[in-house]
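> The amino acid sequence is not available; the structure is as follows:
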């Protein structure tokens, strides 16, 4: 497949919002299956919405990596992108709610879409910068550690679905529950 960076990042955005939207409903559609809970949202907490961004991003990263071998900073860019996206969701959500009070569902959906779009755009900018640098590996000394951190984030999403810290980030604003209860 020809490598048009803009097209790849747009495809990443579409993949993430489509799969993330499906994952939002997977747990309930599966009859609250524990296996589905590993990667899907189990409630309406901010943490579970962050999970909906993370797992599709990780999946698309594995697909994209096969076509982006000349980008020495690929894993570092993807790690920076997902960290940015995961930070955006609670920052936008809590800022909005702090200013306007409770947010309607369409705003929560928009926050997910905006976070995914800004994440993909930031990665696009980093890929473009990486391509113009003479030494592609200059900024990413340890790509294996970046991959390990990305996987560790996924492990935390899974663990905190079942062993939930009792802080607002993990609290379902609709039911008041934490994780699977």
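Cool, got the structure. Computed from a predicted model, the values in this text were never measured in an experiment. Residues are numbered from 1 along each chain as shown.
> give me the number of residues near residue 43?
Using other CB atoms under 10 Å, residue 43 has 23 neighbouring residues. No exception for glycine: its C-beta is placed from N, CA and C like everyone else's.
> Please apply the same query to the one 4 residues further on.
Other residues within reach of residue 47 by the criterion other CB under 10 Å amount to 26.
> Ok, residue 180 next?
Neighbours of residue 180 under the rule other CB under 10 Å: 13.
> Ok, residue 140 next?
If we define neighbours as other CB under 10 Å, then residue 140 has 19 of them.
> Repeat that for the one 10 residues further on.
Applying other CB under 10 Å, we find 18 residues neighbouring residue 150.
> just checking, it touches residue 77?
No - counting by CB atoms under 8 Å, residue 150 stays clear of residue 77, with 11.3 Å between them.
> By mean pLDDT, point me to the weakest helix or strand of the protein.
helix 105-132 (a mean of 89; mean pLDDT, DSSP states H and E).
> who does it touch, helix- and strand-wise?
When contacts are defined as 3 or more CB pairs under 8 Å, 6 or more residues apart in numbering; DSSP states H and E, helix 105-132 packs onto helix 5-29, helix 46-65, helix 74-100.
> what's the closest of these to residue 165?
Distance to residue 165, taken as CB to CB, is lowest for helix 46-65 among the helices and strands packed on helix 105-132, at 8.9 Å.
> rewinding a little: in the least confident helix or strand of the chain, which residues are buried?
Residues of helix 105-132 classed as buried by neighbour count (16 or more other CB atoms under 10 Å): 108, 111-112, 115-120, 122-124, 126-127, 130.
> wait, isn't residue 9 in contact with residue 122?
No - using CB under 8 Å, residue 9 is not in contact with residue 122, being 9.6 Å away.
> Low-confidence stretches in this protein?
Scanning the chain for pLDDT under 70 picks out 1-3, 131-139.
> let's see it at 80
Scanning the chain with the threshold set as pLDDT under 80 gives 1-3, 69-72, 130-141, 143, 181.
> from the buried residues of helix 105-132, which is closest to residue 49?
The shortest gap between residue 49 and any of these belongs to residue 112, at 6.2 Å (CB to CB).
> Against residue 90, how distant is the closest one?
In this view, residue 112 and residue 90 are 12 Å apart by CB to CB, to the nearest Å.
> Over to residue 147?
Taken as CB to CB, the span from residue 147 to residue 90 is 24 Å.
> ditto for residue 19
21 Å.
> before we move on, what about residue 16?
Separation of residue 16 from residue 90 (CB to CB): 17 Å.
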